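[1] build me a model:
(2 chains)
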2 protein chains.
Amino acid sequence: MHDLDHYSALAAEALAAVGLHGQPDGLYEPVRYIMALGGKRLRPAMALAACELCGGDPKVAYGPAAGLELFHNFTLLHDDIMDAAPIRRGQPTVHVRWDANRAILSGDTMFALAGRSLLDTPTDAIPELLRLFFDTAVEVCEGQQMDMDFEHRDDVSVEEYLEMIRLKTAVLIAASLRTGALVARAGEPLCRELYAFGIAAGMAFQLQDDYLDTFGDERTFGKQSGGDITANKKTFLYLKALELAEPSHKERLLQHYQSQPLDPSEKILEVSSIFRALDIPSEVRGLMQDYHEQAMKHLAMIEAARGPSPALQEFARKVMVRER
Amino acid sequence: MHDLDHYSALAAEALAAVGLHGQPDGLYEPVRYIMALGGKRLRPAMALAACELCGGDPKVAYGPAAGLELFHNFTLLHDDIMDAAPIRRGQPTVHVRWDANRAILSGDTMFALAGRSLLDTPTDAIPELLRLFFDTAVEVCEGQQMDMDFEHRDDVSVEEYLEMIRLKTAVLIAASLRTGALVARAGEPLCRELYAFGIAAGMAFQLQDDYLDTFGDERTFGKQSGGDITANKKTFLYLKALELAEPSHKERLLQHYQSQPLDPSEKILEVSSIFRALDIPSEVRGLMQDYHEQAMKHLAMIEAARGPSPALQEFARKVMVRER
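    Got it, this is the predicted structure:
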């Protein structure tokens, strides 16, 4: 069994095999653009690693793996419209580079291309694969709606937040692992363990993202710290802080999260220092640790059945926060 | 075999069986809203009629039939955003009633729900069903992009227009018929004839829509005449008129199609009188007649194999223009 880089390279190979050159060109140009922005290709890498771990030839999972990455990028494309995000991976987002209509329609096309790619596998597991795909797609939409609803609500609980990131982020990672296992015709118990591993690791993955957005080192993390605070995003950090804060801190947090200053640097500074005062960094790390341990328990079951998986171990390790 | 009304009623039954009550409610409310606006349910009716004609129990096609209607309504929802259309079937469109974000995301959800519904059939034809579904979805997107491209182009040919409506309208009707046949496990020759019937009838169906938009009787057609002219839509009528017009008429048409008067009544009057002067109504009717004859040829093959189909006959008859 191989490491994560190996499967990321295979994922790139799988994606390169997908035809994105239909007509009219105006429809496919944004598709090629967003796919060329890159990314870790985590979801297809997980699908390919799970497939090989379950005894399948990863090549058999190329179509489904590429389909999962196309689907993931479709959700990014549409989320960027909904969030009015100007930049993705250092480049203008599709709705900025072209326009919202082009972004809507090329996103829709990517959803269809994703499904078509999922069918591109010589296995009799296609009905199960597609059921998982559509169920997951519905859940991802539900997660995105919850996220948008949170913007207008002031009574979001930590539990609701965790359910939102489970739907918006974790289920697709879990579904990718299960897809690889299904293609390899693994039994249901193994499929279930891989899915559960993906959920737990995916939760830690998103919490790490939230943590790094506020406490990450800009030089190593690559994007400016404080984006979530600037956007008044109700992340675990904020919700947990509200839960723990005494009245004066709570008041300040609520005030800040109703403001949109042109220069957010002071706001970021004060909010993150309140977070630190409330020991939020160790709250997040503690919760991530919990999910990490859950993931490792499932991984132990998986490895007991199928032998060691350096790629899954590496993913589980990477989602733990890098201390500074 | 039954008439079209019978299959429309079955289609309504099939749709009523689809669960549209997930959480968060904010995501599913627009889905229920657009599905409740009604419509002829032509696509699922065609799927159910084809299934029974090919010897299948229509109940077996309920899931796929409902999925096709969900997909069709998803395309309407997203097209309405892209066209900035305020009204659909006499009611505010989803992006007006709620907002564009809600319309994007509930549309995405409908695409996923459509796919899930397509899987809801006890047949081993699922891989073929889904391949057809995704291929068709890609084509419908390509057609919509062509339609949007036409807005900014002044060199659109009649041939390109016909290719656009084939992709945007005809392929989904054809795919619905083929879906019903696949569910009934019909052989490839019969599937192919049904698909070809759907393409020809679907072309006539769209041309009828274009014809009625300009020359329809408002009282019987139900929407105001001249919408396409008001919106400067490059329909067959306009493109054929440009082809046939001498310089002075051509000049007037081009001028009108660069204007957006607040009160479009004079523009509608002049453009439609130019159309009449160029005998465009009989040009459209002639082309519709050609497609109708193609459809009837395929229907003759189908009925020779499977006996008479009042529902398909009725559809083919209905797409012919009603003379006034």
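[2] state the number of residues packed around the spatially closest residue to A:Ile126 that is not a sequence neighbour.
    Spatial nearest neighbour of A:Ile126, chain neighbours left out: B:Pro127 (4.6 Å); criterion: C-beta to C-beta, 6 or more residues apart in numbering or on different chains. C-beta here means a position set from N, CA and C on the backbone, and glycine is covered the same way. Neighbour count of B:Pro127, defined by other C-beta atoms under 10 Å in any protein chain shown: 16.
[3] again with the one 5 residues further on
    Here the neighbour count serves as a burial measure; for B:Leu132 (other C-beta under 10 Å) it reads 22.
[4] distance-wise, check it relative to chain A.
    From B:Leu132 across to chain A, the span is 10 Å (C-beta to the nearest C-beta, to the nearest Å).
[5] element containing that residue, please.
    Assigned by DSSP states H and E, B:Leu132 falls within helix B:126-151.
[6] which strands and helices sit next to that helix?
    helix A:25-36, helix A:100-118, helix A:126-151, helix B:62-82, helix B:100-118, helix B:158-165, helix B:171-183 (3 or more C-beta pairs under 8 Å, 6 or more residues apart in numbering or on different chains; DSSP states H and E).
[7] which stretches of the stretch 201-324 of chain A form strands?
    Using DSSP state E, counting those that start in this stretch, no strands are found in the stretch 201-324 of chain A.
[8] residue ranges with poor pLDDT in it?
    A:218-224, A:321-324 (pLDDT under 70).
[9] could you redo the last one with a cut-off of 80?
    Applying pLDDT under 80 to the stretch 201-324 of chain A flags the ranges A:217-225, A:321-324.
[10] excluding its backbone neighbours, what's nearest A:Gly226?
    Nearest to A:Gly226 is A:Ile268, by C-beta to C-beta, 6+ apart, at 3.6 Å.
[11] surely that neighbour is in contact with A:Asp228?
    No. Using C-beta atoms under 8 Å as the test, A:Ile268 is too far from A:Asp228 to be in contact (9.6 Å).
[12] quick one: contacts for the residue nearest to A:Gly226?
    Counting by C-beta atoms under 8 Å, 6 or more residues apart in numbering or on different chains, A:Ile268 makes contact with A:Ser225, A:Gly226, A:Ile229, A:Thr230.
[13] now do it against chain B, distance only.
    Counting by C-beta to the nearest C-beta, the gap from A:Ile268 to chain B is 26 Å.
[14] cool, A:His21 as well?
    Using C-beta to the nearest C-beta, A:His21 is found at 12 Å from chain B.
[15] thought that residue was touching A:Val31?
    No. Here A:His21 lies out of contact with A:Val31, judged by C-beta under 8 Å, at a distance of 9.5 Å.
[16] which of these two has more residues huddled nearby?
    For A:His21 versus A:Val31, neighbours defined as other C-beta under 10 Å are more numerous around A:Val31 (23 against 10).
[17] and that one, what is it in contact with?
    Counting by C-beta under 8 Å, 6+ apart, A:Val31 makes contact with A:Leu20, A:Ser106, A:Thr109, A:Met110, A:Leu113.
[18] just the pLDDT for the first one.
    Confidence at A:Leu20, expressed as pLDDT, is 96.
[19] can you count the residues close to it?
    A:Leu20 sits with 17 neighbouring residues when counted by other C-beta under 10 Å.
[20] need the contact list for it.
    If you count contacts by C-beta under 8 Å, 6+ apart, A:Leu20 has them with A:Tyr28, A:Val31, A:Arg32, A:Met35, A:Leu113.
[21] against chain B, how distant is the closest residue to the fourth one other than its chain neighbours?
    The shortest distance from A:Met35 to any residue that is not its chain neighbour, by C-beta to C-beta, 6+ apart, is 6.0 Å, and that residue is A:Asn73. Distance, A:Asn73 to chain B, using C-beta to the nearest C-beta: 13 Å.
[22] repeat that for A:Lys267.
    25 Å.
[23] you'd agree that residue is up against A:Pro261?
    Yes. If you go by C-beta under 8 Å, A:Lys267 and A:Pro261 touch, sitting 5.6 Å apart.
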